[in-house]
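what's the 3D shape of this:
(chains A and B)
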Amino acid sequence: DVKVTQSSRYLVKRTGEKVFLECVQDMDHENMFWYRQDPGLGLRLIYFSYDVKMKEKGDIPEGYSVSREKKERFSLILESASTNQTSMYLCASSGGTGGKGTFGSGTRLTVV
Amino acid sequence: AQTVTQSQPEMSVQEAETVTLSCTYDTSENNYYLFWYKQPPSRQMILVIRQEAYKQQNATENRFSVNFQKAAKSFSLKISDSQLGDTAMYFCAFMKLTGNQFYFGTGTSLTVIP
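Model (predicted):
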């Protein structure tokens, strides 16, 4: 069964900490995405990558960075966590153009 | 810019009945893809149905079907014979033909009542 695996299901971090959210896919997909999900706002794109070492800003990149050193792994980095980054974070991957997205189970991050 | 609007934050339906979830979108593209995703309480996003805009025929997947009105930029999801397992958040999404980025609506929370 193909998968997108997010390293943590729940995470609690302190304000100012550097936070790493990891995502791994086993489908050899070119495209990988990080979304933030908040009630009433749906899914908002933070960053996406269409190739190794390539990245594109989404709609809300401020306060975040990403890393894609290998095709299967896409990391989201919160440089200095703040309470307004408390949210659900979803990773997804897709192959080619128009390919359906396969999502991870999400990481619920709480910043205290 | 592409926008996707789901105007029904919450809906409920009796088990075995039919329900329709609405979605409209705005784009200047002529060819694109449209999707409905389901997110149950487990949080796992699951693809329900996919439609290519260049295909006039509405997509169907078992109890799930869409009413795609390209001129009206409308893409509604019909769930027939609703089951308790259909209780979930449903998201409508858009993707450009030449792109790889999803644009999501804000979601509709559907509850199936026994």
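
all contacts plus neighbour counts: C-alpha atoms, from now on.
Noted.

Could I get the full set of strands for the chain?
The chain I'm using is chain A. Secondary structure of chain A (DSSP state E): strands located at A:4-6, A:10-13, A:19-21, A:23-25, A:31-38, A:42-49, A:56-57, A:64-70, A:73-78, A:87-94, A:102-103, A:107-111.

try again with chain B
Using DSSP E, strands in chain B cover B:3-5, B:10-14, B:19-21, B:24-26, B:32-39, B:46-52, B:60-61, B:64-69, B:74-79, B:88-96, B:102-104, B:108-113.

Quick check: buried residues in the first one?
Read that as strand B:3-5. B:4-5 (16 or more other C-alpha atoms under 10 Å in any protein chain shown).

To A:Val52, which of the strands of chain B lies closest?
Smallest distance to A:Val52 across the strands of chain B (C-alpha to C-alpha): 19.4 Å, for strand B:102-104.

For the closest one, name the packing helices and strands.
Using 3 or more C-alpha pairs under 8 Å, 6 or more residues apart in numbering or on different chains; DSSP states H and E as the contact criterion, the elements in contact with strand B:102-104 are strand A:42-49, strand B:3-5, strand B:88-96.

Rebuild these as JSON lines, extending it with mean pLDDT.
Shown next, in JSON lines, are the helices and strands packed on strand B:102-104 (pLDDT from 0 to 100):
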{"stretch": "strand A:42-49", "mean pLDDT": "93"}
{"stretch": "strand B:3-5", "mean pLDDT": "94"}
{"stretch": "strand B:88-96", "mean pLDDT": "94"}
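
Near chain B, which residues of chain A? Just list them.
A:31, A:40-44, A:48, A:94, A:96-106 (C-alpha under 8 Å from any C-alpha of the partner chain).

pLDDT below threshold where in chain B?
By pLDDT under 70, the weakly predicted segments of chain B are B:99.

circling back: please work out which of the strands of chain B is packed deepest.
Among the strands of chain B, strand B:88-96 has the highest mean neighbour count (mean count of other C-alpha atoms under 10 Å in any protein chain shown), at a mean of 25.

Return the list of strands paired to it, each annotated with direction.
Strand B:88-96 has the following sheet partners, assigned by DSSP bridges: strand B:32-39 (antiparallel), strand B:102-104 (antiparallel), strand B:108-113 (antiparallel).

between those strands, which one is nearest to B:Thr60?
strand B:32-39 (11.5 Å).

quick one: contacts for the residue of chain B found nearest chain A?
Closest residue of chain B to chain A, C-alpha to the nearest C-alpha: B:Thr106 (3.7 Å). Contact analysis of B:Thr106 by C-alpha atoms under 8 Å, 6 or more residues apart in numbering or on different chains lists A:40-43, B:4-6, B:9, B:91.

Can you tell me which residue is spatially central in chain A?
For chain A, the residue nearest the mean C-alpha position is A:Trp34 (2.9 Å; C-alpha atoms, centre = their mean).

what's the distance between the nearest residue in space to that one that is not next to it in sequence and A:Phe74?
Nearest non-adjacent residue to A:Trp34, counting by C-alpha to C-alpha, 6 or more residues apart in numbering or on different chains: A:Cys91, 4.7 Å away. Distance from A:Cys91 to A:Phe74, counting by C-alpha to C-alpha, to the nearest Å: 8 Å.

and the closest residue to chain B within chain A, how many neighbours does it have?
Going by C-alpha to the nearest C-alpha, chain B is nearest to A:Gly42 of chain A, at 3.7 Å. A:Gly42 sits with 21 neighbouring residues when counted by other C-alpha atoms under 10 Å in any protein chain shown.
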